[in-house]
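[1] My questions concern the predicted model and sequence given below.
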Amino acid sequence: MPIVITLPDGSKKEYPAAISAYDVAHEISPRLASAAVAAEINSKLVDINTMITEDSDLVIHTFKTDAGREIYWHSSAHLMAQAVKQLWPEVQVTIGPAIEQGFYYDFDREEAFSDEDLLKIEERMKELSAQKLPYSRQELSKEEAIKIFGDMGEHYKIVIIEEIPDGDPISTYTQGDFIDLCRGPHIPHTGVIKAVKLLRSSGAYWRGDERNKMLKRIYGISFPSNKEMRQYMEFLEEAAKRDHRKLGRDLELFSFDDEVGPGLVLWHPKGAMIRHLIESYWTDMHLQNGYELVYTPHVGRSKLWETSGHLGFYEENMYAKMDVEGQDYYLKPMNCPFHLSIYNAKHHSYRELPVRMAELGTVYRYERSGVLHGLMRVRGFTQDDAHIICTPDQVSDEVEKLIVFALDMLKHFGFEEFLIYLSTKPEAAVGSDEEWDMATQSLRASLNKLGLEFDMDEGGGAFYGPKIDIKIKDAIGRAWQCTTIQFDFNEPERFNMEYIGADNQAHRPIMIHRAILGSVERFFATLLEYHGGNLPLWLMPTQMMILPITDAQIEYAKEIQERLRKEGLRCEIDARNEKIGYKIREAELQKIPFMSIIGKKEAEEGRITLRRHGEGDLGVMDFDEAIQRIKEEL
RNA sequence: GCCGAUGUAGCUCAAUGGUAGAGCAAUUGAUUUGUAAUCAAUAGGUUGGGGGUUCGAUUCCCUUCAUCGGCUCCA
């Protein structure tokens, strides 16, 4: 019976009998076949040598597709485990998935893997790759699987097998002397992995739970060619140059100091200027969007934190209490209790709602020492916090406005790519199912209405309400949360918040917490990394540097500076006794957007030159022409 | 907090069981310069902190702090 295979482009191929996916690929092109890592038959990912026995849709995956890459890296993890088992047979294997960039495998081993160990493993992987060992699939029963891994003494595998529901197929993959429990699919043979590099080793808890034993994880990456490996290494180098910690030091934006304390930021003048610009823009936008500004204290009495519940569910993240005249005070880890206290300072009519209260509120949280990371993760930070208090029938409108507002602001800073998540009710939660449904639905409906793509994080909401998070990626692709929009069913209750409705009865309002930038610190870091330090012109602390060639032009340079300042540009003069090449180099390294080199000619003619960072000389021009050129970018 | 690595001048890095050196930056002087580094001199360090071993520690050991990469959590 002939078989018809439909390819992704819609074209059909007919074969007289069953044929393997590999053979189909080979017929399309031998190069495709050699690049193929797996097949997708009727939307199911399978090994490339799988036989196709009926009419099917077929996709051939190579390293170029997302699924192909994942399989490739997953197979690389198996290869690494094989090498480790050969080198240290006593080591137990656990799990080893593909990740966004590469793969890892967790091993149970007493000692950590040293750098020399990693090199040894890498060498062994290359040898195994050269042997082109086929990955072969076996399906077996639960009992058989338990027996096999039990005989090998692989306890972790048995735990995993035992958790597989009865009736589900269990499969293993074998390459050479190595067998691993695995759903698959896998690449056809180890020779497909051409370039491999083990990047680092670290500790990781079994199942990510710190109550469990700490395993030893090895991270690696692999590619079908050395060229791709080289490119990846170059990418890592480039990323290191964009690291906000390096830029922060080189551009004199911020620093940390041992004596001040870990995770506590010192904003230097240039960094402070950028922050000021961000915050002014933020303030303007909030006033334009119907928010009212408030200011609240940095500490509050323990009573407040009891009312809010933070002492119950958040104390481990709070700085220790301080005693003032026999009263306990806490540094604030969040702003909400203060905002709610403002709300509660008077009665509210439904006519006043929604109330939108915003504050750049500085909070302090105790973060475990191992998690601090530059400005991304600190102990004292400023949230661009706001609380929206509204009636149930205002919710949808508010949520939708919020998402638009958030995305508009982020885009203004140059961001274009976002990861959006909708998190739903966790196991332990306050609030009724109706409340959760209503809130979750309005979040979802708003995202849908705005045509935004998002991922669900089932059970990932806070215990007090569902939320939308928007994340932005840093220089090496790690996603950092910025915007968060969270419903809160907990605090309105605890603070006994009310408004008087049209029925003259007291009602409980809906409360939404939200931060758009998230924290100014983290946002600043992501912004720096995203732009590699070359922030949009409106955010640069010095927008132009005037470089007189000799002392004779300093007077003229000052005139120009005055005129530029009147145009609202931040402009400095480098009047040092240095050669022009030196001053240019320094201004370039400081990433100053515009330079104007002023010599005898310009001073006499009353004109100026312009040079753009990264572009070079733009030539001589009249002052007005230069202003126009600069303002094009603002 | 846990696993591992690291910590030498402002920055990037070197060196040794006999108490440290380079480049850049800084300071001073000379030079007045035309689109990415002018020349010279000077100064700068309890080698993260504390303790131990040793005749002697920056080097070896212990401890502590911080940083980096992960785990976990989250703005």
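    Noted; the coordinates are in hand.

[2] When you work out contacts or count neighbours from here on, use the C-alpha atoms and nothing else.
    Will do.

[3] now for the longest helix belonging to chain A, which elements pack on it?
    Counting by DSSP state H, the longest helix found in chain A is helix A:66-87. Using 3 or more C-alpha pairs under 8 Å, 6 or more residues apart in numbering; DSSP states H and E, the elements in contact with helix A:66-87 are strand A:36-41, strand A:56-62, strand A:98-99, strand A:102-108, helix A:115-130, strand A:214-223.

[4] what residues does that helix touch?
    Outside helix A:66-87, the residues within contact range by C-alpha atoms under 8 Å, 6 or more residues apart in numbering are A:37-38, A:61-63, A:91-93, A:96-99, A:102-105, A:121-122, A:124-125, A:128, A:177-178, A:180, A:184-187, A:190, A:193, A:220-222.

[5] So what pairs up with residue A:196 in the strands?
    Counting by DSSP bridges, residue A:196 forms beta bridges with residue A:222.

[6] Is it in contact with residue A:122, as I believe?
    Yes. Look at residue A:196 against residue A:122 with C-alpha atoms under 8 Å: they come within range, at 7.0 Å.

[7] Would you mind naming what in the stretch 51-200 of chain A lies close to RNA strand B?
    When proximity is defined as C-alpha under 7 Å from any atom of the strand, the stretch 51-200 of chain A approaches RNA strand B at A:111, A:112, A:114, A:200.

[8] Let me know how buried the second one is, in neighbour terms.
    In this case it means residue A:112. 16 (other C-alpha atoms under 10 Å).

[9] Give me the nearest residue to it, chain neighbours excluded.
    Leaving aside its sequence neighbours, residue A:112 sits nearest to residue A:216 (C-alpha to C-alpha, 6 or more residues apart in numbering; 6.1 Å).

[10] Could you give the bridge partners of that neighbour?
    Per DSSP bridges, the residues bridged to residue A:216 are residue A:107, residue A:203.

[11] hang on, residue A:562 in a strand?
    No. Residue A:562 is assigned helix when assessed by DSSP: H, G, I helix; E, B strand; the rest coil, not a strand.

[12] what about the residue nearest to residue A:374 when sequence neighbours are not counted, distance to residue A:274?
    Once flanking residues are discounted, residue A:374 sits nearest to residue A:245: 5.9 Å by C-alpha to C-alpha, 6+ apart. Distance of residue A:245 to residue A:274, computed by C-alpha to C-alpha, to the nearest Å: 16 Å.

[13] domains for chain A, by residue range?
    Using automatic domain parsing, the domain parsing of chain A gives A:3-62, A:68-241, A:274-296+A:347-531, A:297-334, A:542-633.

[14] Turn the ones you listed into CSV, including mean pLDDT.
    As requested, the domains of chain A are arranged in CSV below (pLDDT from 0 to 100):
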stretch, mean pLDDT
domain A:3-62, 92
domain A:68-241, 93
domain A:274-296+A:347-531, 93
domain A:297-334, 94
domain A:542-633, 96
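
[15] Please identify the deepest-packed of the helices and strands packed on helix A:66-87.
    With neighbours taken as mean count of other C-alpha atoms under 10 Å, the helices and strands packed on helix A:66-87 reach their highest mean count in strand A:36-41, at a mean of 26.

[16] Mind putting the domains of chain A into CSV with distance to residue A:255?
    Below are the domains of chain A laid out as CSV (distance: least, C-alpha to C-alpha, whole Å):
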stretch, distance to residue A:255
domain A:3-62, 45
domain A:68-241, 17
domain A:274-296+A:347-531, 9
domain A:297-334, 22
domain A:542-633, 17
